[in-house]
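A.B. asks: pasting a predicted model and its sequence here:
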Amino acid sequence: MNVLVATDGSKHGGWGLNWAGTLPFVKPPRVTVLHVLDIAALRAPFLSQPVMAGTERYIREELQRMETRCAKTLKEATEELAALKLKGRVRKEQGAVAPTILKRAPKRDGLLVVGSQGLDALDRFMLGSVSTNLIHHATCPVLVVKGEAAPLRRIILATDGSNASAKALAFVLAKFQPDPSAGKGWGVPIHVSVIHVMPPVKYPGLEEANRRLLEQSVQKLIKAGFTAEPLCRFGKPAEEIMKLSSKQHADLIVMGAKGLGAVARFLLGSVSTRVVQQANCSVLVVR
């Protein structure tokens, strides 16, 4: 699988590459680390225009600072790629951040990894300011990293019966090893909590149908080697998903990019952005 890791030199950007090396992929990924220089966005502090009379010296100094940091970022990424024993390359491109990342992202069968936050506003490159753009427009799954990489033990899989939810389940089944340490004799299977949040208003037969759907997903995960449990909740989807994530100390939330239609009054797609922005753990949005 092709994985594109976007980095800006911040610690959040650096975490992305470690996640790519830590996730229990079934097959070793081929990783491209991309650093984008958005020189067109350079501007003096507190000024709305990129270049104004009297700011040229500042702009030159800022450009030199960006180039220096870029060289440092590329060097560190190259060393980390080797340390993680990942096959791939490190590259630099110039342009608007989000469009450039989207241009280089895998089209379908791949993964885009990005930090949830980037450098401060003065540095003019905030991964956090583009992560929402990426989950809305990327054609491949997007992993938004919230913290340092660690062995994947607990996953929250959000489902609502939509095709996007089915793709999220399929991604977990096809791309992740259920027990990455089994060969070492001390591994514990990854535990997946499959949650379906229903509207507070109960419709006849809806709860039973959703429980059957949950059980089907759980059985597929168990058959593949994961441990899994079904969890049916009533309330607001984003709040319930994040509440469960916090309670279980989840390592990763996996969810579809789009949910059911508007008539169904339950749009998984309408909450994915909120979960990405507010969850206390990393979030994988699958298209």
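C.D. replies: It's in. Residues are numbered from 1 along each chain as shown.
A.B. asks: I'd assumed Val286 was in contact with Ile253.
C.D. replies: No. If you go by CB atoms under 8 Å, Ile253 and Val286 don't touch, sitting 11.0 Å apart. All C-beta atoms are positioned from the backbone trio N, CA, C, and that covers glycine.
A.B. asks: can you pick out the residue with more neighbours from these two?
C.D. replies: Ile253 (28 against 24; other CB atoms under 10 Å).
A.B. asks: any idea how far Glu240 is from that one?
C.D. replies: 12 Å (CB to CB, to the nearest Å).
A.B. asks: repeat for Leu4
C.D. replies: Distance, Leu4 to Glu240, by CB to CB: 31 Å.
A.B. asks: more neighbours, the two?
C.D. replies: The neighbour count for Leu4 versus Glu240, taken as other CB under 10 Å, is higher for Leu4 (26 against 19).
A.B. asks: list the contacts of that one.
C.D. replies: When contacts are counted by CB atoms under 8 Å, 6 or more residues apart in numbering, Leu4 touches 31-32, 34, 101, 104-106, 110-113.
A.B. asks: now stretch 157-170: buried residues?
C.D. replies: 157-162, 164-165, 168-169 (16 or more other CB atoms under 10 Å).
A.B. asks: which outside residues touch it?
C.D. replies: 172, 192-197, 210, 213-214, 217, 220-221, 237, 241, 253-260, 266, 268-269, 275, 284, 286-287.
A.B. asks: sorry, back to before: I'd like to know which of the contacts of Leu4 are buried.
C.D. replies: 31-32, 34, 101, 105-106, 110-113.
A.B. asks: make JSON lines out of these and add pLDDT and distance to Leu74.
C.D. replies: Output for those, formatted as JSON lines (pLDDT from 0 to 100; distance: CB to CB, whole Å):
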{"residue": "Val31", "pLDDT": "97", "distance to Leu74": "14"}
{"residue": "Thr32", "pLDDT": "97", "distance to Leu74": "12"}
{"residue": "Leu34", "pLDDT": "96", "distance to Leu74": "10"}
{"residue": "Ile101", "pLDDT": "95", "distance to Leu74": "16"}
{"residue": "Ala105", "pLDDT": "95", "distance to Leu74": "19"}
{"residue": "Pro106", "pLDDT": "93", "distance to Leu74": "21"}
{"residue": "Gly110", "pLDDT": "94", "distance to Leu74": "22"}
{"residue": "Leu111", "pLDDT": "97", "distance to Leu74": "21"}
{"residue": "Leu112", "pLDDT": "97", "distance to Leu74": "19"}
{"residue": "Val113", "pLDDT": "97", "distance to Leu74": "17"}
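A.B. asks: so where is the stretch 1-150 of the chain shaky, pLDDT-wise?
C.D. replies: 40-56, 58, 117-129 (pLDDT under 70).
A.B. asks: all strands of it, in order?
C.D. replies: 2-7, 30-37, 87-94, 110-115, 142-145 (DSSP state E, counting those that start in this stretch).
A.B. asks: could you export these as a markdown table, including distance to Thr78?
C.D. replies: Output for those, formatted as a markdown table (distance: least, CB to CB, whole Å):
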| stretch | distance to Thr78 |
| --- | --- |
| strand 2-7 | 11 |
| strand 30-37 | 8 |
| strand 87-94 | 5 |
| strand 110-115 | 17 |
| strand 142-145 | 19 |
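A.B. asks: out of the ones you listed, flag the one nearest Arg65.
C.D. replies: When the strands of the stretch 1-150 of the chain are compared by CB to CB, strand 30-37 sits nearest Arg65, at 11.4 Å.
A.B. asks: sheet partners, orientation included, of the closest one?
C.D. replies: strand 2-7 (parallel), strand 87-94 (parallel) (DSSP bridges).
A.B. asks: on that earlier part again, and of the strands of the stretch 1-150 of the chain, who's closest to Ala279?
C.D. replies: Nearest of these (CB to CB): strand 142-145, 8.7 Å.
A.B. asks: one step back: which of the contacts of stretch 157-170 fall in strands?
C.D. replies: Among these, the ones falling in strands (DSSP state E) are 192-197, 253-256, 284, 286.
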